[in-house]
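K.L.:
Quick check, what structure comes out for this input:
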Amino acid sequence: MDRRVITVDQAPQGPPGAPQKKSRAGRDLSRAIPVGVFLGAVVAVSVAWNSRLWYVVAAAAVGLGLWEVFKRFRQSNFRLPFLGLSIAGQAIVWLSWPFGARGAFAAFAVSVVVLFIWRLFLDGLDKPPANFLRDTSVSIFALAWIAIPGACGAMLVNGENGGKYVITLIALVVCSDVGGYIAGVLFGKHPMAPAISPKKSWEGFAGSIVFGIVGGAIIFLFLLDKNVFLGIALGVVAVVAASLGDLVESQVKRDLGIKDMGTLLPGHGGLMDRLDSVLPVAVIAWLFVTFWL
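P.N.:
All right, here's what the predicted structure looks like:
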């Protein structure tokens with residue numbers, strides 16, 4: 001039996017009988033663009049004023065993302081410890097400041113053990129286990145999906161050109177998003193994954209690749225003063241990662257029977273509906289900076 005239900009986020013908008021206004025990309029641009037500009041301004045200010053403020057932004061994003069995911073999973077009767085997830089997420093991000101990747105990994109490892117123990121004693125040891133494997137797996141999934149990539153994004157700022165690397169991360173995600181939107185609206189005819197994300201098309205993906213290549217080349221040439229071909233390579237890989245991250249979140253939402261992860265960002269949905277592509281690109285960018293730059 002299909003347990004998917006229509007949630008408040010999926011309810012028709014407007015007065016009864018009024019025609020529904022939908023764009024081919026499924027966004028209300030009059031609301032989405034100002035919100036996107038605001039988010040970009042927050043990133044710019046955080047790295048321009050004091051690059052360490054980026055850690056505050058990254059930690060806040062991880063905290064809000066875990067909160068949205070916790071609410072959605074709780075609606076589907078998963079039992080997750082919100083306080084435990086919140087503390088674990090913040091520890092993973094903040095310990096990467098003084099200790100780098102070792103600190104983030106240590107915090108994640110300890111959090112996994114604590115989550116196992118928490119769920120073990122939740123129902124008491126005198127009762128048969130009830131969804132122990134399911135609930136612990138989902139809790140660890142939430143940290144691996146949000147907190148670990150969030151720490152990778154935060155660690156980009158550690159170093160001589162940290163602010164520039166953060167701007168590179170955000171700029172490449174924007175290039176992928178804008179290129180995919182424009183090409184998808186103008187030329188989109190062949191769905192990439194119709195069962196998961198019907199509005200994502202191969203034409204849109206091609207547009208993302210083009211914008212990613214151009215954006216990567218420009219960023220590496222004028223901002224980072226690095227080899228342009230490295231920028232092109234990172235642009236292509238970033239677009240692939242962003243697209244797959246979007247599909248992963250779409251699959252999670254399909255599995256839960258919801259349209260958006262939340263309503264925090266008008267025109268975008270929830271914060272996770274924006275972070276879905278940023279998080280995997282943050283991992284790619286951190287690996288690229290750590291091992292190549």
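
K.L.:
which residues of the stretch 151-293 of the chain score low on pLDDT?
P.N.:
In the prediction, the stretch 151-293 of the chain carries residues with pLDDT under 70 at positions 266-268.

K.L.:
which residues in it form strands?
P.N.:
When assigned using DSSP state E, counting those that start in this stretch, the strands of the stretch 151-293 of the chain occupy the ranges 191-193, 197-201.

K.L.:
Show residues contacting stretch 232-241.
P.N.:
By CB atoms under 8 Å, 6 or more residues apart in numbering, the surrounding residues in contact with stretch 232-241 are 168, 172-173, 175-176, 179, 205, 208-209, 211-217, 220, 277, 280-281, 283-285, 288. In this view, the C-beta of every residue, glycine as well, is placed from N, C-alpha and C.

K.L.:
what about the strands of the stretch 151-293 of the chain, which gets the closest to Val62?
P.N.:
Comparing these by their distance to Val62 (CB to CB), the top pick is strand 197-201, with 23.9 Å.

K.L.:
now that closest one, how far from the centre of its chain.
P.N.:
Offset of strand 197-201 from its chain centre (CA atoms, centre = their mean, to the nearest Å): 18 Å.

K.L.:
Mean neighbour count added to the strands of the stretch 151-293 of the chain, as a markdown table?
P.N.:
As requested, the strands of the stretch 151-293 of the chain are exported to a markdown table (neighbours: other CB atoms under 10 Å):
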| stretch | mean neighbour count |
| --- | --- |
| strand 191-193 | 17 |
| strand 197-201 | 19 |
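
K.L.:
Among these, single out whichever gets nearest to Val138.
P.N.:
With CB to CB, the closest approach to Val138 among those belongs to strand 197-201: 21.6 Å.

K.L.:
so what does that closest one touch, helix or strand wise?
P.N.:
The contact analysis (3 or more CB pairs under 8 Å, 6 or more residues apart in numbering; DSSP states H and E) places strand 197-201 against helix 162-187, strand 191-193, helix 228-256.

K.L.:
what angle separates that strand from helix 162-187?
P.N.:
Here strand 197-201 points in a direction 100 degrees away from that of helix 162-187 (axes from the mean of the first three to the mean of the last three CA atoms, to 10 degrees).
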